[in-house]
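Q: How does the following fold in three dimensions:
(2 chains)
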Amino acid sequence: MSDLNGLRIADRKHIGLAEMLKGGVIMDVTNAEQAKIAEDAGAASVMALERVPADIRKEGGVARMSPVKKIKEIQKTVTIPVMAKARIGHFVEAQILEALAVDYIDESEVLTPADEHFHIDKFAFRIPFVCGCRDLGEALRRIGEGAAMIRTKGEAGSGNIVEAVRHMRALVSGIRRLTTLAPEELMTEAKTLGAPYDLVRWVAKAGKLPVPNFSAGGIATPADAALMMQLGAEAVFVGSGIFKSSDPAKRARAIVQATTHFKDPDVLARVSEDLGDAMVGLETSKLPEKELLQTRGW
Amino acid sequence: MRVGVLALQGDFALHAKALEKCGVEAVEVRKPSELDDVEGLIIPGGESTTLLKLMEAWNFVSTIEKFHGAGKPIFGTCAGLIILAREVESPTQFSLGLIDVTVERNAYGRQRESFEASGVARLDAGPIPLEMVFIRAPRIRRLGPGVQVLAEHRGEPVMARQGRVLVATFHPELTDTTMRTAWTCTLLDRTNRSRT
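A: Here you go, the predicted model:
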């Protein structure tokens, strides 16, 4: 735990690791072979999970933490940081991931939640957590629980960027709004947001979150990655978008380039050429509410 | 006075902020041509494998070698040190060889083993207390004869200099005030001297 002008948040070394990942791409992988492809393509980190979100969506059933053996194989194969997902509220999966010394735990809505009411107390761990959010209130609740990095949720496994855009815009405009409020308005705003008052005050003054803010859920093309970066993401998570495309290595390299050169349309045009087929996308507005992953957690 | 920060991947924005606190214009460098009009370069923390891929894709290697050859200062933190070192271990990988040290990657372990410590830097301006944040940090395993140690942690070098190349295994850019300023000013001091 660290103290940022009286604010109780995650350790500086843990927030620091998120700082080191900025401008990078964190790629979902299910085994060592995919992890190697990701690292060779220039991924800044890999995320170990049992199945990519598109398969979880298609196959259904309970989605859990990645098998221990797979995580160990991935750790042996790559030198970049290895993250892994735990179910929301499943603090024992998190304890196991800590024992395995993964570099970051994603307490993720992509897996089937283990607890409908409570997220993990992230201050109780020696390794950092990243958590998803759809708006400022959700981001500040997770930071208040000890998350060292925030990612907007988007809609995982959809190949459709619209939800990621919605969540990033909601977060950024939520932050901007706070900076316009008078001090006496902040307590009411904290109540409305359902967010810790100290964090609300901090963000109102700083005009940003106290931890890095990345984007996830629906990125399928280099243009999608650059769009999220231009909207304010500091790095991107790509899940199904890479290994559900026709040429994962090439697409992965292109998304890495696009995330670095996100403001340069000439580079974006060049890296977007001849990538083969992107993953098949879903019209998220037609998905029934119960099939949405983003509504898991609160 | 303009100093470039290699902005391919990593915590380049924090370095840029530290420079600006020191009254220096920071320039984010994503293409080799952007090195033409800066007087110093910072290679930030990040993932060295990622940085190397992006450097290769844009022919940064020869450009940075020329930049160094022209006597301009370069400062590397963590991944930046790995890229500047003569030799890299675990795994062996390409590096620029602009400072005569051997560096072992992730030498303290994974993130669970990351830590903070305090120490002292022996800079041109005198000793300065350090807050050091080590994140999946490398260790300097061998020092060449021309390398001067500027700070140690438990008897091991964590900050060093050879000619106009400065390196640290930790992240001065993550900590506030003294070190951030001192570090940047050291870079400036050396830049100004190289002009005279």
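
Q: Can you name the residues of chain B sitting close to chain A?
A: B:7-14, B:30, B:45-47, B:49-50, B:53-54, B:57, B:78-79, B:90-91, B:105-106, B:109-116, B:133-136, B:171, B:174-175 (C-beta under 8 Å from any C-beta of the partner chain). For every residue, glycine as well, the C-beta is placed using N, CA and C.

Q: Mind checking which of those residues are buried?
A: B:7-14, B:30, B:45-47, B:49-50, B:53-54, B:57, B:78-79, B:105-106, B:110-112, B:114-116, B:133-136, B:171, B:174-175 (16 or more other C-beta atoms under 10 Å in any protein chain shown).

Q: Which of the residues you listed fall in helices?
A: B:Phe12, B:Ala13, B:Leu14, B:Thr49, B:Thr50, B:Lys53, B:Leu54, B:Ala57, B:Ala79 (DSSP state H).

Q: Am I right that the third one is in contact with A:Glu19?
A: To tie it back to what came earlier, the one meant is B:Leu14. Yes - in this structure, B:Leu14 is within contact of A:Glu19 by C-beta atoms under 8 Å, at 6.2 Å.

Q: contacting residues for the residue nearest the centre of chain B?
A: By C-alpha atoms, centre = their mean, chain B has its centre lying nearest to B:Gly76, at 1.2 Å. B:Gly76 sits next to B:Ile42, B:Ile43, B:Ile82, B:Ile83, B:Leu84, B:Val165, B:Leu166, B:Val167, B:Ala168 when contact means C-beta atoms under 8 Å, 6 or more residues apart in numbering or on different chains.

Q: repeat for A:Pro222
A: A:Ala254, A:Ile255, A:Gln257, A:Ala258, A:Leu268, A:Val271, A:Ser272, A:Leu275.

Q: Provide a list of residue ranges in the chain with pLDDT below threshold.
A: I'll assume chain A. Counting by pLDDT under 70, the ranges of chain A that qualify are A:1-5.

Q: try again with chain B
A: For chain B, counting by pLDDT under 70, the residues that fall below are B:176-196.

Q: which residue ranges form the helices in it?
A: B:12-21, B:48-57, B:60-69, B:79-84, B:178-195.

Q: Might you name the residue of the stretch 151-298 of chain A sitting closest to chain B?
A: Per C-beta to the nearest C-beta, A:Thr260 is where the stretch 151-298 of chain A lies closest to chain B, at 5.2 Å.

Q: what's the burial count for that residue?
A: Neighbours of A:Thr260 under the rule other C-beta atoms under 10 Å in any protein chain shown: 25.

Q: What are the phi and psi values at it?
A: Torsion angles at A:Thr260 (phi, psi; degrees, to the nearest 10) stand at phi -70, psi -50.

Q: Return the residues in contact with B:Gly119.
A: B:Pro129, B:Leu130, B:Met132, B:Ala151, B:Glu152, B:His153, B:Val158.

Q: For it, give its distance to chain A.
A: When C-beta to the nearest C-beta, to the nearest Å is the yardstick, B:Gly119 and chain A sit 15 Å from each other.

Q: How about B:Ala168?
A: 14 Å.

Q: Give me the number of neighbouring residues for that residue.
A: Per other C-beta under 10 Å, the neighbour tally for B:Ala168 reads 29.

Q: Not counting sequence-adjacent ones, nearest residue to it?
A: B:Met159 (4.4 Å; C-beta to C-beta, 6 or more residues apart in numbering or on different chains).

Q: Where do the helices of the stretch 51-200 of chain A begin and end?
A: A:53-59, A:68-77, A:91-99, A:136-144, A:162-179, A:186-193, A:197-206 (DSSP state H, counting those that start in this stretch).

Q: want to throw those into CSV with distance to chain B and mean neighbour count?
A: Formatted as CSV, those follow (distance: least, C-beta to the nearest C-beta, whole Å; neighbours: other C-beta atoms under 10 Å in any protein chain shown):
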stretch, distance to chain B, mean neighbour count
helix A:53-59, 23, 18
helix A:68-77, 8, 17
helix A:91-99, 7, 18
helix A:136-144, 18, 25
helix A:162-179, 16, 19
helix A:186-193, 25, 16
helix A:197-206, 13, 19
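
Q: I'd guessed B:Ile42 sits against B:Gly10; true?
A: No - contact between B:Ile42 and B:Gly10 fails when scored by C-beta under 8 Å: they sit 10.2 Å apart.

Q: Now do the contacts for A:Phe237.
A: By C-beta under 8 Å, 6+ apart, the neighbours of A:Phe237 are A:Val25, A:Ile26, A:Met27, A:Asp28, A:Met47, A:Arg151, A:Phe214, A:Ser215, A:Ala216, A:Gly217, A:Ile219.

Q: whoops, A:Pro288 was the one
A: With C-beta under 8 Å, 6+ apart, A:Pro288 has no contacts at all.

Q: Against A:Thr295, how distant is it?
A: To A:Thr295, A:Pro288 is 11 Å away according to C-beta to C-beta, to the nearest Å.

Q: on that earlier part again, A:Met83 is nearest to which of the helices of the stretch 51-200 of chain A?
A: helix A:91-99 (9.0 Å; C-beta to C-beta).
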